[in-house]
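>>> What shape does this take:
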Amino acid sequence: MHIDLVIVGAGPAGLAAARLAAEAGIKAVVLDEQAQPGGQIYRNVTKATPRQHQILGPEFGKGRALADGLSHPNLTHLPGAVVWSVSAPPTGDVAVTFSQQGVARTLSARRLLLATGATERPMPLPGWTLPGVMTAGAAQILIKQSGLVPQGAVLAGSGPLLYLVAAQMLRAGSPPLALVETQSAGDRLRALRHLPRAALGASYLLKGLGLLAELRRGGVARYRGATRLTIEGEEAAQALSFTHRGKAHRIDCTMVLLHHGVIPNTQASRLLGLDHIWHSAQHCFAPVIDAWGRSSRGAVFVAGDGGGIGGAQTAALSGQIAALEIAHDLGAVPTASRDLMARNLRARRSLDLAARPFLDAAFLPYPTALLPEDQTIICRCEEVSAGDIRRSAALGCRGPAQLKTFTRAGMGPCQGRNCAATLTHLLADHHQTVPETVGSLRIRPPLKPVTLGELASLAPLPAAPGAD
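Here you go, the predicted structure:
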């Protein structure tokens, strides 16, 4: 099957890009792992019950219009499609290989848009591998997908998502036992210099203040500036212990929800060999892209949080901007029309991003989770500890690719999604250098586990109606 554009991801960026491209006359295929469009932020928005909408809040409902945009005749949406290989030669078409319902297929296209979104930053703490410990984002998936609300949970870490999940649990009648926050008073003070600019994006600030007020009314306890977080338990999580204002605390709980920010999902962009840059404010790598979202490989574009964390509205606007340039590349949109439409979209995106420097500075990652204690497991797939990483570094290991040989870290089923960021921080700290010098894991296909049956079934995707 040969098409104009293939979009990987049906979150805000992918959905907004798909609709604009389709209306410009571009034939596109949208591949997404989930059964329903929406990505993580709008997961299951087309099937959610009224009660789920009430719990999740009005922002969640905005995703319905984006998801409905897939109905355009120029679009082919393939749900449940797990992309496990992508390639983009210097000249010629890009190729995407994926599995759907146990069958592997490949398709080629003139342009590729990666709208793979973000992943939660790993937060390795003592006890984080115990049953009953998950990320705050995973808990939110349970609410959105299945209507299941965590019981007897403590939320720990840093970032606005903690407030949102806590408020949603409160609305569902299962408030968290406490919020244990790791950002310090110094972080908040240093963030104040960004406040004048953040006022341009006042909607974010007002939403955050509204969530905090909701939590106060609900009586949810908050501990800010917490340190020495440890999850206690033998067979499962039993308590979270920490230090707050110089005093030791222990909260009995059966579930701990961790979160200290999100980072771009760069698995596919690294597999393609795109250029990446270290974003010091967000403590993560992101693909190098221009103002249109074009990467170092001209036929490949990146939009949304996969190209730098900005949130749902910014992601949708970035998707539209990338789609404009793709349509222009393919001769469907004249230069003057492209520039006129992009001017408005960029102005709106600039306003939407105004609060980002303030948020990045106010909600820094938990330092101890960036550089965990020696006994803490880092690579859960291969059970590699922080001490193993430091010992390998002392033996002369200087980069994550070499670290695979020393320890097998990053070689498990997750292919480094849950440990790559921590590996980079640990190596950079040991060698007293910057993360950009250390780099990240080298990614190879398959991006996700593939069965032999899927490999045996690999064939080109049959042409869809209207496709060339």
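>>> so Thr97 sits in a strand?
Yes. Counting by DSSP: H, G, I helix; E, B strand; the rest coil, Thr97 is located in a strand.
>>> residues touching it, list them.
Thr97 makes contacts with 83-86, 104-106, 445, 458, as judged by C-beta atoms under 8 Å, 6 or more residues apart in numbering. C-beta: built from backbone N, CA, C; applies to glycine.
>>> Low-confidence ranges, the stretch 201-350 of the chain, go.
Residue ranges of the stretch 201-350 of the chain with pLDDT under 70: none are present.
>>> Equivalent analysis for the stretch 351-468 of the chain, please.
Ranges of the stretch 351-468 of the chain meeting pLDDT under 70: 463-468.
>>> hey, where'd the strands end up in it?
Secondary structure of the stretch 351-468 of the chain (DSSP state E, counting those that start in this stretch): strands at 377-379, 384-385, 459-460.
>>> Now do the top strand by length along the chain, average pLDDT.
If you go by DSSP state E, the chain has its longest strand at strand 103-114. Averaged over strand 103-114, pLDDT sits at 96.
>>> What helices and strands are in contact with it?
The contact analysis (3 or more C-beta pairs under 8 Å, 6 or more residues apart in numbering; DSSP states H and E) places strand 103-114 against strand 2-8, strand 94-100, strand 300-302, helix 312-329, helix 452-457, strand 459-460.
>>> what lines up beside it in the sheet?
Partner strands and pairing direction for strand 103-114 (DSSP bridges) are strand 2-8 (parallel), strand 94-100 (antiparallel), strand 300-302 (parallel), strand 459-460 (parallel).
>>> returning to what we had before: and the contacts of Thr97, which are buried?
Buried residues within the contacts of Thr97, counting neighbours by 16 or more other C-beta atoms under 10 Å: 83-86, 104-105.
>>> Identify, from the residues you listed, the entry nearest to Gly307.
Nearest to Gly307 among these is Val86, at 15.5 Å by C-beta to C-beta.
>>> Of the strands of the stretch 351-468 of the chain, give the one that comes closest to Leu70.
Closest of the strands of the stretch 351-468 of the chain to Leu70 is strand 459-460, at 22.9 Å (criterion: C-beta to C-beta).
>>> can I assume Val149 is in contact with Leu170?
No. With contact defined as C-beta atoms under 8 Å, Val149 does not count as touching Leu170 (9.9 Å).
>>> Spatially central residue in this protein, please.
Ala118 (1.2 Å; C-alpha atoms, centre = their mean).
>>> Give me the pLDDT for it.
With respect to pLDDT, Ala118 scores 97.
>>> Name the SS class of Ala22, please.
Assigned by three-state DSSP, the conformation of Ala22 is helix.
>>> cool, and Val83?
Classified using three-state DSSP, Val83 is strand.
>>> Equivalent analysis for Leu340, please.
Three-state call for Leu340 (three-state DSSP): helix.
>>> re earlier: let me know which of the helices and strands packed on strand 103-114 is tucked in deepest.
strand 300-302 (a mean of 28; mean count of other C-beta atoms under 10 Å).
>>> Let me see the mean pLDDT of stretch 77-95.
The model assigns stretch 77-95 a mean pLDDT of 94.
>>> ok, residues contacting it?
2, 6, 8, 10, 29-37, 70, 96-101, 106-112, 268, 271-272, 297, 299-300, 445-448, 450.
>>> Narrow the residues you listed to just the buried residues.
Members of the contacts of stretch 77-95 classed as buried by 16+ other C-beta under 10 Å are 6, 8, 10, 29-34, 36-37, 70, 96-100, 107-112, 268, 271-272, 297, 299-300, 446-448, 450.
>>> From the chain's centroid, how far away is stretch 393-408?
Computed by C-alpha atoms, centre = their mean, to the nearest Å, the chain-centroid distance of stretch 393-408 equals 26 Å.
>>> Any buried residues in stretch 68-78, and which?
Buried residues in stretch 68-78, counting neighbours by 16+ other C-beta under 10 Å, are found at 69-70, 72, 74-78.
>>> do the same with stretch 394-404
Neighbour count says stretch 394-404 has 397-400, 403-404 buried, by 16+ other C-beta under 10 Å.
>>> In contact with the residue lying closest to Gly387 once chain neighbours are set aside: list those residues for me.
The shortest distance from Gly387 to any non-neighbouring residue, by C-beta to C-beta, 6 or more residues apart in numbering, is to Asp374 (3.2 Å). Applying C-beta under 8 Å, 6+ apart to Asp374 gives the contacts 385-387, 390.
>>> And Asp374, how far from Pro126?
Relative to Pro126, Asp374 is positioned 11 Å away (C-beta to C-beta, to the nearest Å).
>>> And for Tyr366?
With C-beta to C-beta as the criterion, Tyr366 and Pro126 are 13 Å apart.
>>> out of these two, which sits in the more crowded spot?
Neighbour count, other C-beta atoms under 10 Å: between Tyr366 and Pro126, Tyr366 has more, with 26 against 18.
>>> For the residue nearest to the more buried one when sequence neighbours are not counted, grab the count of nearby residues.
Nearest non-adjacent residue to Tyr366, counting by C-beta to C-beta, 6+ apart: Thr182, 4.1 Å away. Neighbours of Thr182 under the rule other C-beta under 10 Å: 26.
>>> Could you give the backbone dihedrals for Thr182?
Dihedral pair for Thr182: phi -100, psi -10, per degrees, to the nearest 10.
>>> pretty sure it contacts Leu229?
Yes. Counting by C-beta under 8 Å, Leu229 is a contact partner of Thr182 at 7.1 Å.
>>> The closest residue to Leu317 other than its chain neighbours and Ser241: what is the separation?
Nearest residue to Leu317, sequence neighbours excluded (C-beta to C-beta, 6+ apart): Arg349, at 4.2 Å. Taking C-beta to C-beta as the measure, Arg349 falls 43 Å from Ser241.
>>> okay, these two: which has more neighbours?
Between Arg349 and Ser241, counting by other C-beta under 10 Å, Arg349 is the more crowded of the two (20 against 16).
>>> Give me the phi and psi for that one.
Phi and psi for Arg349, reported as degrees, to the nearest 10, are phi -70, psi -40.
>>> from what I can see it touches Ala316, true?
No. With contact defined as C-beta under 8 Å, Arg349 and Ala316 do not form a contacting pair (9.3 Å).
>>> Please parse the protein into its domains.
2-119+263-333, 122-260, 371-438 (automatic domain parsing).
>>> before we move on, back to that, got the contacts of Thr97 as TSV, with distance to Arg43 columns?
Converted to TSV, the contacts of Thr97 look like this (distance: C-beta to C-beta, whole Å):
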residue	distance to Arg43
Val83	18
Trp84	21
Ser85	25
Val86	23
Ala104	25
Arg105	24
Thr106	27
Pro445	26
Leu458	29
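>>> hey, which of the strands of the stretch 351-468 of the chain is tucked in deepest?
Mean neighbours per residue, mean count of other C-beta under 10 Å, is largest over those for strand 377-379, with a mean of 24.
>>> thinking again about what came up before, for the domains of the chain, which one sits closest to Ala361?
Nearest of these (C-beta to C-beta): domain 122-260, 3.8 Å.
>>> Fine by me, thanks again.
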